[in-house]
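> quick one, what's the 3D model for this:
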Amino acid sequence: MKEISVDWKEKILETVQRSRKESFNALNFSADRKNEFLSILQKELNRESSRIIKANRKDIDTAVKKGCSSVFVDRLTLTHERIEKMIKAAEVVKNLPDPVGQKMWETTRPNGLRIEKVRTPIGVIAIIYESRPDVTVEASILCLKSGNCVILRGGKEAKHSNRILVEIIKGSLNSAGLPGDMVNLISTGGRKAVKYILSLNGYIDLVIPRGGESLIRTVVNYSTIPVIKHYKGVCHTYVDRDADLKMALTVSFNAKVQRPGTCNAMETLLVHKDIAEDFLPDMAELFRKANVEMRGCERTVRILKDIKTAAEEDWGMEYLDLIVSIKIVDSVESAIAHINRYGTMHSEAIITENRQTAEKFFKEVDAAALYHNASTRFTDGGEFGLGAEIGISTDKIHARGPMGLEELTIYKYLIYGSGQIRN
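This is a model prediction of the structure:
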């Protein structure tokens with residue numbers, strides 16, 4: 001691969017500097033002005049939907065010619081329905097309270113100092129992502145409503161889609177009287193450009209990678225800027241001995257099959273030994289009809305004799321495909337221990353009618369999102385009422401789980417005095 005030229009570096013730096021400059025101006029933009037932008041964007045996305053799909057078709061055709069997987073192509077694809085989802089996301093975000101300036105806490109000290117803790121934008125956020133062009137819109141509406149500027153680095157596989165979407169976003173900003181440089185797309189320079197972006201810690205305040213584990217680990221390894229991320233989603237559903245088995249079948253099937261290429265899809269099914277012989281044959285029948293490949297522990301294989309035996313690496317595998325690992329466990333304690341060993345602190349579910357067992361599961365499982373009698377597929381900013389999400393964090397910092405407006409702010413302390421000095 002050719003070295004990125006100095007001219008390209010200068011161009012990237014100049015682009016980032018423009019966003020940095022606007023990040024200070026963004027502190028003064030009112031909620032009404034930002035909401036006006038979102039209203040205009042909704043209309044423009046609707047008006048330009050056919051042109052967006054036409055551009056997206058070029059990206060899809062290239063991906064198909066290259067032999068990309070069906071999961072990859074699905075993530076890349078924009079349809080009228082998915083554009084409508086973007087429009088609805090903008091509507092939800094528009095109706096959410098503006099977090100900027102919200103008072104989180106206040107106190108008055110014995111010396112008369114009044115201290116407030118208030119939300120403030122992070123500043124400039126770089127989003128590095130792969131094949132999902134809908135991230136272009138989701139990231140932009142959340143960053144802009146929360147008072148941030150955003151640098152978008154999408155994958156080359158979605159270059160036509162991202163280009164037109166950013167064009168529409170910039171136009172909508174300008175129409176609302178906001179600077180177009182609040183959003184900038186960097187689409188040249190290859191991998192070396194990504195590494196260069198990750199070195200710009202004087203201009204970019206936060207990096208959020210969205211994509212496969214390889215991309216995320218590369219970002220973490222090279223970034224001199226703080227990173228919020230999740231590496232992968234090895235999500236479990238545990239069917240307890242006190243489960244409603246009909247519910248367990250429906251929820252487990254949805255968690256695996258509804259959209260298997262997502263990070264919140266179930267990868268491992270855990271089943272209590274007391275109900276395994278009743279539950280697993282019916283579950284396996286549903287999976288077979290949906291062409292799900294099953295890999296089971298030794299006890300599972302004794303019940304489902306025609307499935308593969310799971311290898312050790314299967315328990316920590318994010319398949320992102322119609323493949324599921326199945327393990328029979330002796331107790332809820334065994335299920336919790338398995339999840340805490342092999343899980344990725346993303347999304348975990350328990351199916352049970354025993355409230356005490358569910359509470360134990362909630363207390364002891366280490367994950368960003370925990371479900372009782374529901375599918376892990378709901379770990380999503382839109383489903384959580386956040387309008388959209390800029391990513392899902394499994395880090396143990398200020399943001400965990402689906403990240404919406406509040407997670408894209410930090411805070412500062414405002415101290416009001418009347419001449420106090422410290423003795």
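> in whatever helix or strand residue 19 lives in, what counts as buried?
Assigned by DSSP states H and E, residue 19 belongs to helix 6-25. In terms of neighbour count (16 or more other Cβ atoms under 10 Å), helix 6-25 has its buried residues at 8, 12, 15, 16, 18, 19, 20, 22, 23. In this view, the C-beta of every residue, glycine as well, is placed from N, C-alpha and C.
> in space, what's closest to the first one - neighbours in sequence excluded?
Same thing as residue 8. residue 189 (5.1 Å; Cβ to Cβ, 6 or more residues apart in numbering).
> and the fifth one, by the same measure?
If the residues on either side of it in the chain are set aside, residue 18 comes closest to residue 181, at 4.3 Å by Cβ to Cβ, 6+ apart.
> for residue 359, give its distance to residue 375.
Distance, residue 359 to residue 375, by Cβ to Cβ, to the nearest Å: 20 Å.
> do the same with residue 202
43 Å.
> who has more neighbours out of those two?
With neighbours defined as other Cβ atoms under 10 Å, residue 202 and residue 375 compare such that residue 375 has more, 23 against 11.
> show me the residues around the more buried one that make contact.
Contact analysis of residue 375 by Cβ atoms under 8 Å, 6 or more residues apart in numbering lists 237, 251, 254, 255, 258, 266, 349.
> how much space separates residue 314 from residue 276?
Where residue 276 is concerned, residue 314 sits at a distance of 18 Å (Cβ to Cβ).
> kindly report the same for residue 133.
From residue 133 to residue 276 the distance is 43 Å (Cβ to Cβ).
> what about the strands in the stretch 1-150 of the chain?
For the stretch 1-150 of the chain, strands defined by DSSP state E, counting those that start in this stretch occupy the ranges 103-108, 114-121, 124-129, 149-153.
> adjacent strands (with direction) for the shortest one?
Taking DSSP bridges as the criterion, strand 149-153 pairs within the sheet with strand 124-129 (parallel), strand 183-185 (parallel).
> adding mean neighbour count and mean pLDDT, write those strands out as TSV.
Formatted as TSV, the strands paired with strand 149-153 follow (neighbours: other Cβ atoms under 10 Å; pLDDT from 0 to 100):
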stretch	mean neighbour count	mean pLDDT
strand 124-129	25	96
strand 183-185	22	97
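> tell me which of the ones you listed lies nearest to residue 319.
strand 124-129 (20.8 Å; Cβ to Cβ).
> what's the angle from that closest one to helix 6-25?
130 degrees (axes from the mean of the first three to the mean of the last three Cα atoms, to 10 degrees).
> which residues are in contact with strand 124-129?
Contacts with strand 124-129, where a contact means Cβ under 8 Å, 6+ apart, come from 16, 19-20, 23, 135, 139, 143, 148-155, 194, 197-198, 203-211, 215, 219, 225, 390-391, 408.
> kindly recompute the last result at 6 Å.
Here strand 124-129 makes contact (Cβ atoms under 6 Å, 6 or more residues apart in numbering) with 19-20, 23, 135, 139, 143, 148-154, 197, 204-211, 219.
> next step: the contacts of residue 375 restricted to helices.
251, 254, 255 (DSSP state H).
> residue 228: neighbour count?
Applying other Cβ under 10 Å, we find 23 residues neighbouring residue 228.
> verify the stated contact: it with residue 209.
No. Using Cβ atoms under 6 Å, residue 228 is not in contact with residue 209, being 8.7 Å away.
> state the pLDDT value of residue 402.
We have a pLDDT of 88 for residue 402.
> with the one 10 residues further on instead?
On pLDDT, residue 412 comes in at 96.
> my read: it touches residue 119, true?
No. When contacts are counted by Cβ under 6 Å, residue 412 is not listed as touching residue 119 (8.5 Å).
> these two: who's more crowded?
residue 119 (20 against 9).
> what residues does stretch 140-150 touch?
Contacts for stretch 140-150 (Cβ under 6 Å, 6+ apart): 19, 22-23, 26, 34, 90, 93, 99-100, 121-122, 124-125, 139, 169, 182-183, 388, 390, 405, 408-409.
> and the residues you listed, which are buried?
Using 16+ other Cβ under 10 Å, the buried ones in the contacts of stretch 140-150 are 19, 22-23, 26, 34, 90, 93, 99-100, 121-122, 124-125, 139, 169, 182-183, 388, 390, 405, 408-409.
> which SSE is residue 415 in?
strand 409-416.
> paired strands for that strand, with orientation please.
Applying DSSP bridges to the sheet, strand 409-416 is found paired with strand 114-121 (antiparallel).
> for the partner strand, which positions count as buried?
By neighbour count with 16+ other Cβ under 10 Å, strand 114-121 contains the buried residues 118, 119, 120, 121.
> and of the residues you listed, the nearest to residue 245?
Closest approach to residue 245 among the buried residues of strand 114-121 (Cβ to Cβ): residue 119, at 45.5 Å.
> that closest one against residue 102, yeah?
Yes. Contact criterion Cβ under 6 Å: residue 119 and residue 102 qualify, at 4.5 Å.
> pull up the overlap in contacts between the two.
The contact sets of residue 119 and residue 102 do not overlap (Cβ under 6 Å, 6+ apart).
> count the residues that sit near residue 370.
The burial count for residue 370: 21, using other Cβ under 10 Å.
> secondary structure element for it?
Assigned by DSSP H and E, residue 370 falls in strand 369-372.
> for residue 1, report the pLDDT, please.
42.
> how far away is residue 95 from residue 35?
8 Å.
> neighbour-wise, which of these two wins?
residue 35 (18 against 10).
> spatially nearest residue to the more buried one (excluding sequence neighbours)?
Closest residue in space to residue 35, ignoring its immediate chain neighbours: residue 94 at 4.9 Å, by Cβ to Cβ, 6+ apart.
> can you get me a residue count around the one you found?
Neighbours of residue 94 (other Cβ under 10 Å): 19.
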